[in-house]
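>>> Just the structure for this:
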Amino acid sequence: MRKLYTGLAWTVAGAVVIQAAAIAFAFGGMLNLVAEGGVVDKALLESFQAAGVGEVGFLIHGVVGGVVIPLVALALLIVSFLTRTRGATTWAAIVLALVAMQVTLGFSITDVPYLGLIHGANALAVVAAASFAALRMRRRSSQPVPEEAKTDAVAA
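The predicted structure is shown next:
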């Protein structure tokens with residue numbers, strides 16, 4: 001269970017990196033569209049046919065951020081109950097709370113664009129918390145078990 005927990009934590013952190021790459025790709029494609037003489041307006045956004053190079057980046061960012069990361073964070077919390085390691089559930093809950101905040105911020109950006117500043121900073125917090133959870137579990141599992149804990153013998 002510890003390896004699964006660690007793997008899930010690293011998956012959350014890695015998916016956030018994919019998020020950053022996807023949105024950078026999308027934004028670069030949008031800038032390319034404008035540089036080539038295209039216009040970004042409401043009609044283009046509602047048609048979903050920008051035909052730009054980076055348009056798929058918006059789709060990747062939406063699916064990974066709105067579905068994949070929340071499901072993996074929830075799985076991390078569930079697995080944390082089975083690891084029976086002190087602090088695992090706390091850190092999994094922190095990761096899930098940060099992910100929930102991230103999703104809420106992401107869907108609220110269209111109403112309040114300034115939330116994008118917090119959305120980006122919170123992404124770093126998600127990566128940090130998930131990485132810390134994974135590294136903490138790795139340190140716990142690499143610590144040697146004391147000799148007296150390995151046997152059922154009663155010391156005289």
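
>>> the helices in this structure, which residues?
In the chain, the segments counted as helices under DSSP state H are 2-35, 42-47, 55-63, 69-83, 88-108, 115-142, 147-150.

>>> Show me what counts as buried in the third one.
What it means is helix 55-63. Buried residues in helix 55-63, counting neighbours by 16 or more other C-beta atoms under 10 Å, are found at Glu55, Gly57, Phe58, Ile60, His61, Gly62. In this view, the C-beta of every residue, glycine as well, is placed from N, C-alpha and C.

>>> so how far is Gly54 from the closest residue to Gly57 other than its chain neighbours?
Nearest residue to Gly57, sequence neighbours excluded (C-beta to C-beta, 6 or more residues apart in numbering): Ala26, at 2.9 Å. Going from Ala26 to Gly54 by C-beta to C-beta, to the nearest Å gives 4 Å.

>>> same thing with Ala43?
Taking C-beta to C-beta as the measure, Ala43 falls 19 Å from Gly54.

>>> Show me which of those two is the more surrounded one.
Between Ala43 and Gly54, counted using other C-beta atoms under 10 Å, Gly54 has the larger neighbour count: 20 against 9.

>>> Now the more buried one. Nearest residue, chain neighbours left out?
Take Gly54 and drop its neighbours on the chain: the residue closest to it by C-beta to C-beta, 6+ apart is Gly29, 1.9 Å away.

>>> Next, count neighbours for that neighbour.
As a measure of burial, Gly29 has 19 neighbours, counting by other C-beta under 10 Å.

>>> Please tell me how far it sits from Leu74.
31 Å.

>>> Kindly report the same for Gly57.
Gly57 sits 25 Å away from Leu74 when distances are taken as C-beta to C-beta.

>>> I'd say Thr11 and Val79 touch.
No - counting by C-beta atoms under 8 Å, Val79 is not a contact partner of Thr11; they are 11.4 Å apart.

>>> List the contacts of Leu96.
Applying C-beta atoms under 8 Å, 6 or more residues apart in numbering, we find Leu96 in contact with Ala73, Leu74, Leu76, Leu77.

>>> for stretch 84-92, the distance to its chain's centre please.
Centroid separation for stretch 84-92 versus its chain: 18 Å, with C-alpha atoms, centre = their mean, to the nearest Å.
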